[in-house]
Each structure stands twice: as structure tokens, then as C-alpha cells.
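>>> Would you be able to build a 3D model of this:
(2 chains)
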Amino acid sequence: MTKPSVIVVGADKGGVGKTTVSRTLLDYFTAHHVPTRAFDSEAPKGTLKRFHPDVTEIVDATLVPDQMKIFDTLSNDESKVTVIDVRAGLLSPTLRALRDIGFLDAVKKGQITFAVFHILGSSLASLNEIEETAPFTVDARYFLVKNYVNNTSFFEWDQATHAAYFNKLKDAVEISIPKLNEMAYEQVELASVPFLTFVANKGTNGEAANYSFVLRGYVRHWLGNVWAEYDRIKLNDIIGAAAAANGARAQAARS
Amino acid sequence: MAQPTPIYIVASPRPRVGKTVLARLLVEFLRASRRPVAAYDLNPRDPVLAGYFPRLVTPIDIADTRGQMMLFDRLIARSATTRIIDVGYGAYDQFFAVMAEIGFVREARRRMIEPVVLFAADHAAITVRAYADLRRDLPDLTVVPVHNEFVSVTCDKDDFPPTRAACRMLRIPRLSQMVRGVIDRPSFSFGAYLVATPGTPTEIHDWIAGIFAQFRELELRLLMGTLAASLAGGSGAGWQDRERM
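From the prediction side, this is the model:
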């Protein structure tokens, strides 16, 4: 049994492309044959569930029954990785709840691998969020994600301000999500399929689709760049992907 | 063995280097060979090629994504029609950037379509640099340098090394000034001129025949290259894809 991993993707502000990042993570693990499940706390809408319905469940991570659904099953579930897409504004409360249920203690003891993908907005306010979340992420792998996917705004911090905040997190690592062509992004939205499925020109049920070759090319190139960032931070090593993939293969062979 | 359908990309990173004459010659060569031809003019503000062949040429602006889709989605569709794209200096950077980003060459080859760039070569430093950049950014693309003697008398072959051994530099010889005026007339047709004056050794006749012979030789060389790659067990593409994509 490999050690379970939990990845929390969150932001304290809406509209920073948090779910887009969760989608690229699910695609990344799919491509590496790592069994993964996801929880979408954007009830009742569930954007992540719309794109990855087979592996996603809608929950409210601050409610006890849903916490049980997520965390009591960590060791038993076949999925090696659990991605939790936390609704905008709930990152700090969710992390607090994780502390309260003893999850962070289990992380400290090395029983669970824990990573936080903190999606930053473009304003200075988003830097203040770092201060709020920092106390809960001492034992986590903490990633600060600058999301340029829609390129609707630029990051307004100057170097000095940036350094003042980021230096508070000595182990935090930055990730940049590059811009994706607007029409390509919109087409994937309309198709409601994972990025990987769009690239493969398939529909929601695996049927052949007829997406533009140009737009698929843009998505493939962009997804490749996003994954290069995940390769750079050695995400697979962090979650022990090789062992997980082998385990999944052995499981498949047995059944 | 199925024969790949070529897409000819007539490109120049500089203005006024005789690129449109080259595209016209190619259109007429293919029409004279009785092959179906479609062409795209990527110079929307001044679509000179479209002026010569209004029914054959579609002007496209690839500055926006819709134009890119209109062009590349059509080009990637399997077709017996030989496509020619006139890429002027204004569209040059964006055209090849998009081509590289969307992985056009690999997908085209998979569909038995062979993109071939006819690159208007001259002695300008910017042209030499653009050629090197193109080879670096699209290393699997077949690029054939074309030296247009109208533009520059000399052209150092070492500045334009062939991308494939078979694809050596083509040469568009100079025409005398008086005759040059004839071929620039909008109504002038190279193919019709050849037919109308069979075997007559006029300057224009020799000039057109010589260039068409180079096009024929190029097509043969490309075909032989494909055959050789096929016999060697490869696609000739040399692409190493990232496994998971």
C-alpha cells in the first residue's frame, strides 16, 4: 500500500482559474496512470465535476459528513491521489478544518503526503492570503501558482513587495500556468471534456469529435507547458507516482 | 504506395523579393500539369496573388484565431488538391509560430500531406537569420531555398544549407527589363504562354520551361525521399513525440 496523497487546490478569491489548475492536475495524473479521485467543493455547481464526472464528487469540506467522506477513506480507497478543489474563499477555513480533525498531525507524522496549490490573484490582496494560510502548511508541500491562463490581468506586485511576502514561506515553490488561446479555452469549455480528451479529439463519452485542429494544437502545446511545470517541481516524485502506477497495474492484472 | 500530397508554402521574411512571382509560377506549373490547385494569400491588405487568380486564391488574415482555423483546419484535411500558401513578410513570423505551436508538420505527415517551404533566399542578413531560425524552430520541415536573381545577383549557398540532401537550392534566373514588364501584366499566364508558343525559343519560353523543369525535379526528389524513408521503415518525419501526448 502506497502512502496516500492529498492535494488541495484553492484560492481565497474567485475567478483566478483555480478549477483550471485542478483539471490540469487530473489530466497529468491520468497521463501517468496514477489512480486519482477529486472532490469539488463548489456546491452546487461543481465545475470540476462537469469536466471530470467519473472521478469527481461534490462536497463541502467544512462539513463533518463530507470531511468523513474525504478523509476517512484515504487509506482504503484505490485512488492514490485525492485532489480537493476548494471553493473560492474557503481555503483558509478548509485548512483550519484539516488541522482540527487531526489531518495535519497525520501529515506531520509522515502518514499522508500533503500538497497545497495556492492559486494567486493579480492583486496585492492575494498576497495577504499567504499570511493567513502559512500557519497551516508548515508540513505541506506548498506551491504558489501564478495563473496566466486567461491573461485578463497582470500581476501588479513589485519585486520588493513580492519578495517580502514570499520570503515568509521558505519552502514555497512558484509555478506559472501560461496563457491559453482564448478560443481554444472557450471550445474546451463548450465541449465540457478534460483537456486531454479535447486534444485526442474525443467527446464526453469517448466518441470521435470534430474539434478544430488548430485549437487542439493550442491546447496540446499549452498543456505540455503546464505539465513541464509539474515535472519541474517533481510532482510525480512527491506523490510517489511510480509506486502508485505500478500498484494500479498490479491491481488491474489481478482483477 | 500512396503518394503524399504536397502543400507548398512560398515564404519570405522580407518584402519585395519576388515571392509572388514564385507563387504564380508554382500555381501555373501545377495547373499546366492538370492537377487541382487551391491557394491562400496571407497578405490580407495587399493580396497580390489573389489578384492574379481570383477564383483560385482565398485571402486569409491569420492575425486572429479564426483566420488560423480557416487556414490550418483546411490544410490538414485530406485532399487530392495541391495547396499553395503565399506567406508575405507581414504574416511570416506568426504563420511559422502557429505552425510550430500546433504541431502541424507531424500531423500533416501522419495524414500523408507533406508541407514544403519554398524560401525566397537573398543575401540580406535578416533573410539568412530567418532561414536559420526556421530550421531551428521547425527542424522536421522541408525547406527549399529559392534564389531569385531578380532580387540579388549573388546568393551564398552556404547561408542556406538544405534541410534534406535532396532539396537543393532552386534558381529563378534574371529576365531582361523589357521582358520583365510582360510577365508582370495581370493577364499574363506562364502556362498559356508555353502552350501558345510551343518549342519557340523566346527568352520567356526558356525562362518558364527552365523553372518548370526545376519544379518537376523537386517533386521527383521529394517523392524519392519519401520512397527511401518508406523502404528504410520510417515515415521520413523523424518526429519523437512526447509519449503521453
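
>>> going forward, measure contacts between C-alpha atoms and count neighbours the same way
Noted.

>>> And the helices in chain B?
Using DSSP state H, the helices found in chain B span residues B:19-32, B:48-52, B:65-75, B:89-101, B:104-110, B:125-137, B:177-183, B:190-196, B:203-231.

>>> So which residues on chain B come close to chain A?
Residues of chain B lying near chain A by C-alpha under 8 Å from any C-alpha of the partner chain: B:Thr65, B:Gln68, B:Met69, B:Phe72, B:Asp73, B:Ile76, B:Glu101, B:Ile102, B:Gly103, B:Phe104, B:Arg244, B:Met245.

>>> tell me the helices in chain A, going along the chain?
For chain A, the helices defined by DSSP H occupy A:18-31, A:47-51, A:64-71, A:91-100, A:103-108, A:125-133, A:159-166, A:182-191, A:195-199, A:213-232, A:235-239, A:241-254.

>>> Out of these, the one nearest B:Asp133 is which?
Closest to B:Asp133 of those, according to C-alpha to C-alpha: helix A:213-232, at 19.6 Å.

>>> and stretch B:211-228, C-alpha only, in PDB?
Once non-C-alpha atoms are left out, stretch B:211-228 reads as follows in PDB (Å, rounded to 0.1, in the frame of the first residue of the first chain):
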ATOM      1  CA  ILE B 211      11.800  26.900 -63.900                       C
ATOM      2  CA  PHE B 212       9.000  24.300 -64.500                       C
ATOM      3  CA  ALA B 213      11.800  21.700 -65.000                       C
ATOM      4  CA  GLN B 214      13.200  22.600 -61.600                       C
ATOM      5  CA  PHE B 215       9.800  22.200 -60.100                       C
ATOM      6  CA  ARG B 216       9.400  18.800 -61.700                       C
ATOM      7  CA  GLU B 217      12.800  17.800 -60.500                       C
ATOM      8  CA  LEU B 218      12.000  19.000 -57.000                       C
ATOM      9  CA  GLU B 219       8.700  16.900 -56.900                       C
ATOM     10  CA  LEU B 220      10.700  13.900 -58.100                       C
ATOM     11  CA  ARG B 221      13.300  14.400 -55.400                       C
ATOM     12  CA  LEU B 222      10.600  14.700 -52.800                       C
ATOM     13  CA  LEU B 223       8.900  11.600 -54.000                       C
ATOM     14  CA  MET B 224      12.200   9.700 -54.000                       C
ATOM     15  CA  GLY B 225      12.900  10.900 -50.400                       C
ATOM     16  CA  THR B 226       9.500   9.600 -49.300                       C
ATOM     17  CA  LEU B 227      10.200   6.200 -51.000                       C
ATOM     18  CA  ALA B 228      13.600   5.900 -49.400                       C
END
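
>>> pLDDT averaged over it, what's the number?
In this model, stretch B:211-228 carries a mean pLDDT of 88.

>>> how about it: buried residues?
B:Ile211, B:Phe212, B:Gln214, B:Phe215, B:Leu218, B:Arg221, B:Leu222, B:Gly225, B:Thr226, B:Leu227 (16 or more other C-alpha atoms under 10 Å in any protein chain shown).

>>> Over to stretch A:28-44?
So stretch A:28-44, judged by 16+ other C-alpha under 10 Å, has buried residues A:Tyr28, A:Phe29, A:His33, A:Val34, A:Pro35, A:Thr36, A:Arg37, A:Ala38, A:Phe39, A:Asp40, A:Ser41, A:Glu42.

>>> In this structure the fourth one contacts A:Val81, no?
This means A:Val34. Yes - with contact defined as C-alpha atoms under 8 Å, A:Val34 and A:Val81 form a contacting pair (7.4 Å).

>>> Show me what from the stretch 151-255 of chain A comes close to chain B.
A:Met183, A:Leu196, A:Ser212, A:Phe213, A:Val214, A:Leu215, A:Arg216, A:Gly217, A:Tyr218, A:Arg220, A:His221, A:Gly224.

>>> Buried only: go through these for me.
Buried subset of these (neighbour count, 16+ other C-alpha under 10 Å): A:Leu196, A:Ser212, A:Phe213, A:Val214, A:Leu215, A:Arg216, A:Gly217, A:Tyr218, A:Arg220, A:His221, A:Gly224.

>>> could the residues you listed go into TSV alongside pLDDT?
Shown next, in TSV, are those (pLDDT from 0 to 100):
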residue	pLDDT
A:Leu196	97
A:Ser212	97
A:Phe213	97
A:Val214	97
A:Leu215	98
A:Arg216	98
A:Gly217	97
A:Tyr218	97
A:Arg220	97
A:His221	97
A:Gly224	97
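
>>> Farthest pair within these?
Maximum distance among these (C-alpha to C-alpha): 18.1 Å, for A:Ser212 and A:Gly224.

>>> Run through chain A and note the low-pLDDT ranges.
Scanning chain A for pLDDT under 70 picks out A:1, A:12, A:122-129, A:151-158, A:162, A:164-170, A:241-255.

>>> Please identify the residue of it positioned nearest to chain B.
Nearest residue of chain A to chain B: A:Gly217, at 3.7 Å (C-alpha to the nearest C-alpha).

>>> isn't that residue right next to B:Ile102, touching?
Yes - A:Gly217 is in contact with B:Ile102 according to C-alpha under 8 Å; the separation is 3.7 Å.

>>> low pLDDT regions in chain B?
In chain B, residues with pLDDT under 70: B:1, B:165-166, B:198-200, B:233-245.

>>> Compute the distance between A:Glu174 and A:Leu180, please.
Applying C-alpha to C-alpha, to the nearest Å, the value for A:Glu174 to A:Leu180 is 19 Å.

>>> With neighbour numbers in mind, choose between those two.
Neighbour count, other C-alpha atoms under 10 Å in any protein chain shown: between A:Glu174 and A:Leu180, A:Leu180 has more, with 19 against 15.

>>> what angle do the longest strand anywhere in chain B and helix B:65-75 make?
For chain B, the strand that runs over the most residues, judged by DSSP state E, is strand B:113-121. Interaxial angle, strand B:113-121 versus helix B:65-75 (axes from the mean of the first three to the mean of the last three C-alpha atoms, to 10 degrees): 120 degrees.

>>> Other residues contacting strand B:113-121?
Contacts with strand B:113-121, where a contact means C-alpha atoms under 8 Å, 6 or more residues apart in numbering or on different chains, come from B:4-12, B:17-19, B:76, B:78, B:105, B:108, B:127-128, B:131, B:141-148, B:155, B:160.

>>> Just the buried residues of the residues you listed.
B:4-12, B:17-19, B:76, B:105, B:108, B:127-128, B:131, B:141-148, B:155, B:160.

>>> Among the residues you listed, which are located in strands?
Taking DSSP E, the ones among those that sit in strands are B:5-11, B:142-148.

>>> Include distance to B:Gly90 when you put these into JSON lines, please.
Below are these laid out as JSON lines (distance: C-alpha to C-alpha, whole Å):
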{"residue": "B:Thr5", "distance to B:Gly90": "27"}
{"residue": "B:Pro6", "distance to B:Gly90": "24"}
{"residue": "B:Ile7", "distance to B:Gly90": "20"}
{"residue": "B:Tyr8", "distance to B:Gly90": "18"}
{"residue": "B:Ile9", "distance to B:Gly90": "15"}
{"residue": "B:Val10", "distance to B:Gly90": "13"}
{"residue": "B:Ala11", "distance to B:Gly90": "10"}
{"residue": "B:Thr142", "distance to B:Gly90": "22"}
{"residue": "B:Val143", "distance to B:Gly90": "19"}
{"residue": "B:Val144", "distance to B:Gly90": "20"}
{"residue": "B:Pro145", "distance to B:Gly90": "19"}
{"residue": "B:Val146", "distance to B:Gly90": "19"}
{"residue": "B:His147", "distance to B:Gly90": "20"}
{"residue": "B:Asn148", "distance to B:Gly90": "20"}
